[in-house]
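Participant: just coords:
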């Protein structure tokens, strides 16, 4: 998602997450339905825009390096569908 920092820079952030199997699941793969994927993606965009609009570019870079943003997204998105290994994979 595209985010404008407080000092005027526009940053594009990319996030990736994987679906998690249920505890009693036998099948190896776990796919989410398209409505669940849209809900997870909306939560990702909301979290990334909150983080990006909070401060300047310098503070955003420090926060991306140190803060566990992916874990926060996982916690919020688990209401829609259980996910694991959520990361900000690229920032342009």
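Facilitator: Okay, I see it. Given the structure is predicted, the values throughout are model-derived calculations rather than measurements.

Participant: right, and the helix or strand after the longest helix that the chain contains?
Facilitator: Ranked by residue count and defined by DSSP state H, the top helix of the chain is helix 34-53. Past helix 34-53, heading to the C-terminal end, the next element that is a helix or strand (DSSP states H and E) is helix 57-66.

Participant: Check what pLDDT the residue nearest the centre of the chain gets.
Facilitator: Within the chain, one residue has its C-alpha closest to the average C-alpha position: by Cα atoms, centre = their mean, that is residue 44, at 3.9 Å. Reading off the confidence values, residue 44 has pLDDT 95.

Participant: and if you look at residue 57?
Facilitator: Here the pLDDT value assigned to residue 57 is 93.

Participant: do the same with residue 83
Facilitator: Reading off the per-residue confidence, residue 83 sits at a pLDDT of 94.

Participant: quick one: contacts for it?
Facilitator: The neighbours of residue 83, taking Cβ atoms under 8 Å, 6 or more residues apart in numbering as the test, are 17-20, 40, 74, 77. No exception for glycine: its C-beta is placed from N, CA and C like everyone else's.
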